[in-house]
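Visitor: Below are the sequence and a predicted model; questions follow.
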Amino acid sequence: MPEAVVDLVYITSAILFVFGIKLLGSPATARRGNAFASSAMLLAIVVTIVDQQILDWRTVAVGLVLGSIIGAFLARTVQMTEMPQLVGIFNGLGGGASAVVASAEFFGAGGAGELPVADGTTIAVSTLIGTVTFSGSMVAFGKLQGLVTGNPVTFPLQKTLNLILFLAVLSVGGYLATGTYAPSFYLTLAGLAFLLGILLVIPIGGADMPVVISLLNSYSGLAASAAGFVLGNNILIISGALVGAAGLILTQLMCKAMNRSLANVAFGAFGAGDGVSAATDDGEKTVRSVDPEETAMVLAYSDTVTVVPGYGLAVAQAQHELRALMDLLEKRGVTVRFAIHPVAGRMPGHMNVLLAEADVPYDRLFDLDEINPDFPRTDVAVVVGANDVVNPAAREPGSIIAGMPILDVDKAKSVVVLKRSLSPGFAGIDNELFYMDRTMMLFGDAKESLAGLVKEVREME
């Protein structure tokens with residue numbers, strides 16, 4: 001195939017990648033963004049295979065069919081609550097694939113006894129990033145799936161060991177980068193990188209997974225870009241760099257939404273995840289507990305209702321009940337909107353995806369900056385499974401979450417909180433919102449509570 005044609009197709013593919021990432025920035029256009037990016041990758045794969053004749057077409061066809069079947073099966077069967085785990089696996093497989101490509105190039109070029117310095121450097125970098133991404137993503141998957149504790153796993157001199165490991169990886173990688181063909185050193189690099197990926201993720205609490213998922217996504221992009229340098233493939237370099245940059249930007253946005261630095265997330269061993277114990281009443285604080293009938297009355301006779309979804313909604317898989325309640329309230333003339341915090345759930349955009357599954361219109365979803373000015377004019381704010389993202393303690397200078405941007409739920413005229421108990425969020429502190437005079441607590445499983453509200457509102461018709 002003429003080189004000019006190949007370059008033109010690669011440029012077209014790169015443009016589709018850019019537009020795809022741009023469209024992923026909004027729930028309303030995310031599907032088109034996925035379609036654009038998928039088409040770009042398919043185009044790049046086809047032209048690369050045709051140009052370089054890497055594999056027999058029958059082998060390629062089998063791979064495409066099997067991959068399509070697996071992808072379609074996962075897309076149809078994976079629950080929204082398990083989507084973060086799936087993303088973690090995807091990140092890990094991307095990094096692992098880059099490491100495999102690098103290893104194939106390393107052992108394939110070993111006949112001459114040495115490698116060009118440029119090749120040795122790119123192979124070492126691709127192996128390091130790809131292997132760290134693979135093992136770290138598998139640990140993240142384990143934490144999200146409950147196979148590994150969601151609490152931070154720490155031990156004495158952990159940071160010192162990580163530093164020693166990192167320096168060892170750099171030393172071995174630097175030796176390989178000189179162009180020396182040394183299989184034992186290469187295997188040592190891969191093993192050390194694998195262990196480093198595990199040790200970097202295990203001290204991170206389960207509640208910090210939105211940041212970890214974003215960071216590992218960035219790593220997978222950088223690994224792909226490094227593999228592109230190994231293969232001398234421009235589109236792989238470009239697409240990997242785009243994913244890496246987008247992941248880093250998203251990681252910074254997640255950290256900003258939590259008012260924490262990336263270093264604090266990575267090394268602070270902060271966030272007990274789902275394993276925190278229930279908060280205890282100090283004898284002075286009281287809560288107002290209500291039942292579905294009383295709550296339904298409050299909601300049905302309101303003009304405006306703003307719903308704040310959290311991970312508890314995903315765990316209960318109650319998005320369809322929430323949509324049913326929204327429909328009933330709107331029939332009564334109530335304006336219903338949804339306030340989405342950037343770190344609600346277990347991955348970026350988790351709540352958007354969850355609500356989209358229940359066909360909640362995209363124009364009802366508002367981010368923190370858009371919705372916060374309207375809370376003082378909101379009749380009822382309904383918090384479903386959220387905690388720290390609505391905790392007024394973030395405005396107190398001495399609080400552990402001081403400065404964290406929150407949804408101003410406490411400024412609404414009335415607040416209804418659907419929650420199993422008074423247990424704290426990942427920060428491990430009481431939520432003052434629960435004890436406010438205008439806050440009503442509807443205790444129980446979110447799905448059952450919302451089903452009860454739907455029943456009560458329907459009976460009022």
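Guide: Right, received. Where do you want to start?

Visitor: any idea whether residue 203 is helix, strand or coil?
Guide: Under DSSP: H, G, I helix; E, B strand; the rest coil, the three-state class of residue 203 is coil.

Visitor: Can you give me the distance of it to residue 147?
Guide: Distance of residue 203 to residue 147, computed by Cβ to Cβ, to the nearest Å: 17 Å. For glycine as for every other residue, the C-beta is placed from the backbone atoms N, C-alpha and C.

Visitor: The two: which is more packed in?
Guide: Between residue 203 and residue 147, residue 203 has the larger neighbour count (other Cβ atoms under 10 Å), namely 20 against 11.

Visitor: pLDDT averaged over stretch 318-336 - what is it?
Guide: Averaging pLDDT along stretch 318-336 yields 92.

Visitor: what comes up buried for that stretch?
Guide: Across stretch 318-336, burial judged by 16 or more other Cβ atoms under 10 Å covers 318-326, 328-329, 334, 336.

Visitor: same question, stretch 446-461
Guide: Buried, per 16+ other Cβ under 10 Å, within stretch 446-461: 446, 447, 449, 450, 451, 452, 453, 454, 456, 457.

Visitor: For those, give me CSV that also has distance to residue 158, secondary structure and pLDDT.
Guide: Shown next, in CSV, are these (distance: Cβ to Cβ, whole Å; DSSP: H, G, I helix; E, B strand; the rest coil; pLDDT from 0 to 100):
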residue, distance to residue 158, secondary structure, pLDDT
446, 36, helix, 89
447, 39, helix, 91
449, 41, helix, 92
450, 42, helix, 93
451, 45, helix, 93
452, 46, helix, 92
453, 46, helix, 93
454, 48, helix, 92
456, 52, helix, 91
457, 52, helix, 90
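
Visitor: Would you map the strands across the protein?
Guide: Secondary structure of the chain (DSSP state E): strands at 304-309, 335-340, 365-367, 380-384, 414-419, 439-443.

Visitor: deepest of those, which one?
Guide: strand 380-384 (a mean of 28; mean count of other Cβ atoms under 10 Å).

Visitor: partner strands of that one, parallel or antiparallel?
Guide: Its sheet considered, strand 380-384 pairs with strand 304-309 (parallel), strand 414-419 (parallel) by DSSP bridges.

Visitor: how about the helices in the stretch 1-150 of the chain?
Guide: 3-23, 30-52, 57-77, 83-108, 117-145 (DSSP state H, counting those that start in this stretch).

Visitor: Enumerate the positions of the first one that are buried.
Guide: Buried positions in helix 3-23, judged by neighbour count with 16+ other Cβ under 10 Å: 6, 9, 10, 12, 13, 14, 16, 17, 19, 20, 21, 23.

Visitor: Ok, stretch 402-412 next?
Guide: Neighbour-count burial for stretch 402-412 [16+ other Cβ under 10 Å]: 404, 405, 406, 407, 408, 409, 410, 411, 412.

Visitor: what do you get for stretch 381-398?
Guide: 381-394.

Visitor: Pull up the per-residue confidence for residue 272.
Guide: What the model reports for residue 272 is a pLDDT of 45.

Visitor: residue ranges with poor pLDDT in this structure?
Guide: Residues of the chain meeting the criterion pLDDT under 70: 1, 52-55, 80-81, 110-114, 150, 206-207, 258-261, 264-284, 426-428, 461.

Visitor: Domain map for it?
Guide: 1-77, 80-273, 292-459 (automatic domain parsing).

Visitor: Just send the buried residues of stretch 446-461 back as JSON lines, with distance to residue 372 too.
Guide: What follows is the buried residues of stretch 446-461, written out as JSON lines (distance: Cβ to Cβ, whole Å):
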{"residue": "446", "distance to residue 372": "23"}
{"residue": "447", "distance to residue 372": "28"}
{"residue": "449", "distance to residue 372": "25"}
{"residue": "450", "distance to residue 372": "24"}
{"residue": "451", "distance to residue 372": "30"}
{"residue": "452", "distance to residue 372": "29"}
{"residue": "453", "distance to residue 372": "25"}
{"residue": "454", "distance to residue 372": "28"}
{"residue": "456", "distance to residue 372": "30"}
{"residue": "457", "distance to residue 372": "27"}
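
Visitor: Next one: the nearest residue to residue 26 once chain neighbours are set aside relative to residue 337, how far apart?
Guide: Leaving out its chain neighbours, the residue that sits closest to residue 26 by Cβ to Cβ, 6 or more residues apart in numbering is residue 362, at 7.5 Å. Noted for residue 362: a distance of 12 Å to residue 337, by Cβ to Cβ.

Visitor: Can you tell me which residue is spatially central in this structure?
Guide: By Cα atoms, centre = their mean, the chain has its centre lying nearest to residue 347, at 2.4 Å.

Visitor: Wait, it touches residue 208, no?
Guide: No. Using Cβ atoms under 8 Å as the test, residue 347 is too far from residue 208 to be in contact (11.4 Å).

Visitor: Go through the strands paired with strand 380-384 and name the closest to residue 256.
Guide: strand 304-309 (19.3 Å; Cβ to Cβ).

Visitor: All set now, cheers.
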